[in-house]
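> Provided below are the primary sequence and the corresponding predicted coordinates.
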Amino acid sequence: MLQTPLHDFHVSLGAKMVDFAGWHMPVYYRGITEEHVHTRTNASLFDVSHMGRIRFDGPDVQALLQHVCTRNLKDTAVGQSKYAHVCREDGGILDDVIVSRHAGHWVMVCNASNREKILAWLHRHSAGRKTDILDQTLDTAMFAVQGPAAVSLVESRFGVPVGSLKRYWFVEGSVLGMDYCIYRSGYTGEDGVEAIVPAAAVAMILPYLVSDGGASGECRPAGLGARDTLRMEAAMPLYGHELTEDVDTLSAGQGWCVDLSVDFVGAAAMRAIKAVGLRKKLVGLELEGKRIARQGYPIVRDGAPVGTITSGTMSLTLDKSIAMGFLATEWTEPGTHVSIDLGRKEAPARVVPLPFYRRAK
């Protein structure tokens, strides 16, 4: 099992550790509820070093990335990142990624569970192109600081002007002899940053962010449990749940990251899907009561299955049972009443707009 450069930090704080996509990762330190609430109200540190980090060099890099990504990358500026999907020829989603343009190279961040698959896909489609592909995952560390206090905290501790960055833009430089790249992005629905630094240097950074191990400080560590409940409230899709190889980007409600005027892998299939209309859509659901809808539970209307749950949780911010799932298109209008088959009983639910939670500007 792989360990991130922050592994000893997690263990020293007594984190509950689990195997996640082949990595030994913290689920929680003090408890999911406390970590969730602290992120919504202050700032939390998340170790995301398990995610893949791939560097591209060479004159044909942009052509390669445009060929495999759903987003139009032609006008990407130096210092800008873009969220995109990498798809099969039939439109099935291989992964959701973030690609960033630097002055002399590009970087892609992919999901931990898909790193080897994406690397193989990239090498396959780079044949005949002048492109060097370097997996930097094990040589670097990546962490996120998320919450309403995150940006001011990072600025005050490191003097990096991230407050002036727009979302999905980044700044890079060097501090204390250490190269860094800090992105205005995240996966919690809150403001914040994500940073990539050398693996050997990340231990020096932690005391600047989480003094006394984060037990009482402004910034505290948070694990995968809170990361999941936070992203659920913000309706951010998770690969293996809302996004899979059996789902196309349009049905997954991610059409905003697709430019069908570009001939990327899967574009023809998606044009055909758009032409005939979507048969199912990803929707938000609010359940009556406190029961939680789990992945795979059927969504029922008039006694017949009309969809499937992809993710569900009890929203700690809204104090409601919420879920996302794919629903037959005719039942996707907000306010539509359905039921969730929980096994021994059904829970009434209604379709609601996404996201469930939106931070105050």
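Yep, that arrived.

> my read is Leu94 is in a strand, agree?
Yes - assessed with DSSP: H, G, I helix; E, B strand; the rest coil, Leu94 lies in a strand.

> residue contacts, Val171?
79, 160-162, 165, 181-182 (Cβ atoms under 8 Å, 6 or more residues apart in numbering). Placement of C-beta: from N, CA and C, glycine included.

> out of those, which are inside helices?
When the contacts of Val171 are checked against helices (DSSP state H), there are no matches.

> restricted to buried residues, select the residues you listed in ChimeraX.
Command for ChimeraX that selects the buried part of the contacts of Val171, burial taken from 16 or more other Cβ atoms under 10 Å:
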select :79,160,162,165,181,182
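
> would you mind giving the contacts of Val171 as CSV with distance to Asn114 and pLDDT added?
Conversion of the contacts of Val171 to CSV gives the following (distance: Cβ to Cβ, whole Å; pLDDT from 0 to 100):
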residue, distance to Asn114, pLDDT
Gly79, 26, 98
Val160, 30, 88
Pro161, 33, 90
Val162, 28, 94
Leu165, 27, 96
Cys181, 21, 96
Ile182, 24, 96
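
> between the contacts of Val171, which is nearest Val37?
In terms of Cβ to Cβ, no member of those lies closer to Val37 than Val162, at 23.8 Å.

> got the contact list for the closest one?
The contact partners of Val162, taken as Cβ under 8 Å, 6+ apart, are 151, 154-155, 171, 182, 184, 193.

> ok, now Asn114?
Taking Cβ under 8 Å, 6+ apart as the criterion, Asn114 is in contact with 52, 94-95, 239.

> Trp169 too?
With contacts taken as Cβ under 8 Å, 6+ apart, Trp169 has the following neighbours: 79-81, 183-184.

> any idea which of those has the most stuff around it?
Comparing the contacts of Trp169 on neighbour count, Tyr183 comes out first with 26 neighbours (neighbours: other Cβ atoms under 10 Å).

> specify the beta-bridge partners of it.
Taking DSSP bridges as the rule, Tyr183 bridges to Phe170, Glu194.

> quick one: pLDDT of it?
pLDDT, Tyr183: 98.

> my guess is it meets Glu194, correct?
Yes - under the contact definition of Cβ atoms under 8 Å, Tyr183 touches Glu194, with a separation of 4.7 Å.

> and Leu65, what pLDDT?
At Leu65, the predicted lDDT confidence score is 98.

> tell me the spacing between it and Arg71.
Here Leu65 is placed at a distance of 9 Å from Arg71 (Cβ to Cβ, to the nearest Å).

> what of Glu89?
Between Glu89 and Arg71 the computed distance is 18 Å (Cβ to Cβ).

> do the same with Ala323
Ala323 is 28 Å from Arg71, where distance means Cβ to Cβ.

> which of these two has more neighbours?
Set side by side, Ala323 and Arg71 show unequal neighbour counts under other Cβ under 10 Å, the larger going to Ala323 at 27 against 21.

> ok so, going back, and the contacts of Val162, which is closest to Glu35?
When the contacts of Val162 are compared for distance to Glu35 (Cβ to Cβ), Val193 comes out closest, at 17.9 Å.

> look at the nearest residue to Trp23 once chain neighbours are set aside and say how many residues are nearby.
Take Trp23 and drop its neighbours on the chain: the residue closest to it by Cβ to Cβ, 6 or more residues apart in numbering is His50, 4.0 Å away. For His50, the tally of surrounding residues (other Cβ under 10 Å) stands at 21.

> now the worst-scoring helix or strand of the chain on mean pLDDT: buried residues?
Evaluated with mean pLDDT, DSSP states H and E, the helix-and-strand set of the chain has its lowest mean pLDDT in helix 202-209, which scores a mean of 86. Residues of helix 202-209 classed as buried by neighbour count (16+ other Cβ under 10 Å): 202, 205-206, 209.

> got the residue ranges for the helices in the stretch 151-300 of the chain?
With DSSP state H, counting those that start in this stretch applied, the stretch 151-300 of the chain shows helices at 202-209, 224-233, 267-276, listed in chain order.

> pick the most deeply packed of the ones you listed.
Ranked by average neighbour count under the criterion mean count of other Cβ atoms under 10 Å, the helices of the stretch 151-300 of the chain are headed by helix 224-233 at a mean of 23.

> only C-alpha atoms, please: export that helix in CSV.
C-alpha atoms of helix 224-233 as CSV (Å, rounded to 0.1, in the frame of the first residue of the first chain):
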residue,chain,number,x,y,z
LEU,A,224,-11.6,11.7,3.5
GLY,A,225,-14.9,11.4,5.4
ALA,A,226,-15.5,15.1,5.6
ARG,A,227,-14.1,15.6,2.1
ASP,A,228,-17.0,13.4,0.9
THR,A,229,-19.8,15.0,2.9
LEU,A,230,-18.6,18.4,1.9
ARG,A,231,-18.4,17.6,-1.8
MET,A,232,-21.8,16.0,-1.7
GLU,A,233,-23.4,19.2,-0.3
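
> re earlier: make TSV out of the contacts of Val162 and add distance to Ala267.
Listed next are these as TSV, based on distance: Cβ to Cβ, whole Å:
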residue	distance to Ala267
Val151	36
Val154	38
Glu155	41
Val171	33
Ile182	33
Arg184	29
Val193	32
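
> from these, which is closest to Lys130?
Val171 (28.5 Å).

> could you list the domains of the chain?
Under the assignment named as automatic domain parsing, the residue ranges that make up the domains of the chain are 1-275, 279-352.

> for Lys361, which of the ones you listed is the nearest?
In terms of Cβ to Cβ, the element of the domains of the chain nearest to Lys361 is domain 1-275, at 9.4 Å.

> now do the same end-to-end measure for that closest one.
Using Cα to Cα, to the nearest Å, the span of domain 1-275 from its first residue to its last is 45 Å.
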